[in-house]
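Engineer: Provided below for reference: sequence and predicted model.
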Amino acid sequence: MANHLVGSFQLMKSLNKTLILNVIRTDGPISRAEIAKKTNLTPPTVTNIVSELISSGLVIERNLGESKGGRKPIMLTINTSAFHVVGVDVGSRQISIVVTDLNASVFESHQVDLPHPLSEGRFMTLLKNGIRTVMDKPLKEGSIVGIGIGMHGLVNPDKGVAIFAPNLNLRNMALREQLEAEFHVPVEVDNDVRAMALGESWFGNGRGIDNFICVNVGNGVGAGIILDQKLFRGASFTAGEVGHTTVDPDGPPCTCGNNGCLQTLVSGPAVAARAREQIQAGRSSVLEGKDITGEAIYHAALEGDALALDILRQTGRYLGIGLANLINTLNPERVIVGGGVAKAAQFIMGPLKDTVAARALDTPARSTTIVTAKLGDQATVIGAVTLVLRKLFTPEYSQSDVS
Ligand SMILES: [Zn+2]
C-alpha cells in the first residue's frame, strides 16, 4: 500500500488527476458526472482517472447519491482513514509529533523534550526516534504517505534544509535528505509559522480567505503570510520575521542586536521579564516569590491580580502596534493570532483591537478581522501535516497553496 501511494505522488504530477482528486476532496461525495461538469474534462477521461485513483486506494465508491427516478448514482469520496500523515513541530524546547488521517484528524501523538545544549547528531537521533515511536504503531504499518516538519527558525523549504535554528543553536541540517533516507516516505519541511498559516488555511480560521496573516506569539514572534492564496516566503525565506520589527527604539535589547523589537515586548519570556522587574521595583502581586512565566501571569490575571492584568493589557497594546504596521503594509482580510499568547485572549484581544483601530488606517483596519487560531496548541503540528497534504492534493505547478 505504501509503495502504491508513494508512487501516487508521481501520479499526481498529472494535472488532471490532481484536479479530480482535489474536487473529490473539497466537494465529495460527488458523482463522476458532476466531476466532469466541474472540471470540464470529458466523461471517459474522468472515468479512467477515477479508476486509477480507486486502485491506488485514495478514493472509494459509496452508494449514497440522490435517486432521480432511476439508478442511484455512485458517489466518490476520499478514503481519508486508509492513509496517514506524520506531522512534526520542532520548537525550542520540545518536538511534538502526531499521526493523522487525510483529514488531519489526530489519533496518535507523542512529545520529545529537547536538552540544551544540543548537538546535531543528538537532535537527529531524538527526532528519528520520536517519529519511529508513532510510525511503529501496528495500525499504521505501510499507510504513511509522508512526513511534514514545521521547523523553528530559518528554513529552505525547496531543499528541506533547516538553515538556522537560533534557539537550538543548530545550522544547515538536511532534514528532508536524512529523514527520507531513514523512513522511505516523502518529507516536506517549512518554517513553523508558515506551516501554522497553511494549517489554519486548510483546517482553521483561514479557510476560504485569500489574504491573511497568521502571527505566532510564543517564545519568539513570527508571521506566516498568505497573499492571493499563496504562502509568501520572501527572497531568502525570511518573510514574516515581524518579531524583529522595531516597536520601541529605546526598548529592551533583542537577540538580533537591536533594541525594542516586537518580540522583546510581547513574547512569553519578555512578558515574564516585565512582571519580574515590576515586582522587584516593589509592586505587589500574587506572583511574588513564584516562578514567573507567561502562563503563570495568565493564571494570576484569572485570579484578578492587578499587576498581571496590567502586564497582559500592555502586551495587547504592543502587539496591536505590531499588527497595525502589518495591516497598513499588507491590507489582509484577517489576522490570526496563535501561540501561547492566544490563551490569554480574554485579557489581550480588547486592548489589541483598540490599538489597531487607533493606529491602522481606517480603510484597512475596517476590512481586517482579528481572531485567535482555531487549531490552538496543535496549529503548527497540523500545519506540518498540511505540508504533506498540499503536496498530495494540489498540483506542483499550481498557483495556489490553499484549498
Ligand atoms: Zn530583534
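Structural biologist: In hand now; what should we look at? All values reported here derive from a predicted model rather than from experimental measurement. Residues are numbered from 1 along each chain as shown.
Engineer: So, low pLDDT: which residues of the stretch 301-403 of the chain?
Structural biologist: 395-403 (pLDDT under 70).
Engineer: what about the helices in it?
Structural biologist: Shown for the stretch 301-403 of the chain, the helices assigned by DSSP state H, counting those that start in this stretch span residues 306-330, 345-359, 362-367, 379-393.
Engineer: got CSV for those helices, with mean neighbour count and distance to the ion too?
Structural biologist: No exception for glycine: its C-beta is placed from N, CA and C like everyone else's. Below are the helices of the stretch 301-403 of the chain laid out as CSV (neighbours: other Cβ atoms under 10 Å; distance: least, Cβ to the ion, whole Å):
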stretch, mean neighbour count, distance to the ion
helix 306-330, 21, 12
helix 345-359, 18, 20
helix 362-367, 13, 25
helix 379-393, 28, 21
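Engineer: Out of those, which gets nearest to residue 282?
Structural biologist: helix 306-330 (11.0 Å; Cβ to Cβ).
Engineer: list the helices and strands the closest one packs on?
Structural biologist: When contacts are defined as 3 or more Cβ pairs under 8 Å, 6 or more residues apart in numbering; DSSP states H and E, helix 306-330 packs onto strand 212-217, strand 221-227, helix 263-266, helix 268-280, helix 294-302, strand 334-338, helix 345-359, helix 362-367.
Engineer: my guess is residue 127 meets residue 94, correct?
Structural biologist: No - using Cβ atoms under 8 Å, residue 127 is not in contact with residue 94; the gap is 11.6 Å.
Engineer: Give the residue from those two that has the larger number of neighbours.
Structural biologist: Taking other Cβ atoms under 10 Å, residue 127 and residue 94 do not tie; residue 127 has more neighbours (22 against 11).
Engineer: helix or strand for the more buried one, which one?
Structural biologist: Per DSSP states H and E: residue 127 is located in helix 120-135.
Engineer: got a list of contacts for that helix?
Structural biologist: 86, 88, 90, 95, 97-99, 108-110, 112, 114-115, 140, 144, 147, 168, 170, 173, 178-179, 182-183 (Cβ atoms under 8 Å, 6 or more residues apart in numbering).
Engineer: Select only the buried ones of these in ChimeraX?
Structural biologist: Buried members of the contacts of helix 120-135, defined by 16 or more other Cβ atoms under 10 Å, are picked up in ChimeraX with:
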select :86,88,90,95,97,98,99,108,110,112,114,140,144,147,168,170,173,178,179,183
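Engineer: Restricted to helices, list the contacts of helix 120-135.
Structural biologist: Among those, the members falling in helices (DSSP state H) are 178, 179, 182, 183.
Engineer: Pull the contacting residues for the third one.
Structural biologist: Spelled out, it's residue 182. So residue 182 contacts residue 128 (Cβ under 8 Å, 6+ apart).
Engineer: when you give positions from now on, start the count at 15
Structural biologist: Fine by me, first position is 15 from now on; the one you just mentioned is residue 196.
Engineer: pLDDT score for it?
Structural biologist: With respect to pLDDT, residue 196 scores 96.
Engineer: same deal with the second one?
Structural biologist: Predicted confidence (pLDDT) for residue 193: 97.
Engineer: At the contact with the ion, which residues of the stretch 165-314 of the chain appear?
Structural biologist: 258, 268, 270, 272, 275 (Cβ under 5 Å from the ion).
Engineer: Mind checking which of those residues are buried?
Structural biologist: Buried among those (16+ other Cβ under 10 Å): 258, 268, 275.
Engineer: Tabulate these (CSV), appending pLDDT and secondary structure.
Structural biologist: Output for those, formatted as CSV (pLDDT from 0 to 100; DSSP: H, G, I helix; E, B strand; the rest coil):
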residue, pLDDT, secondary structure
258, 95, helix
268, 94, coil
275, 97, strand
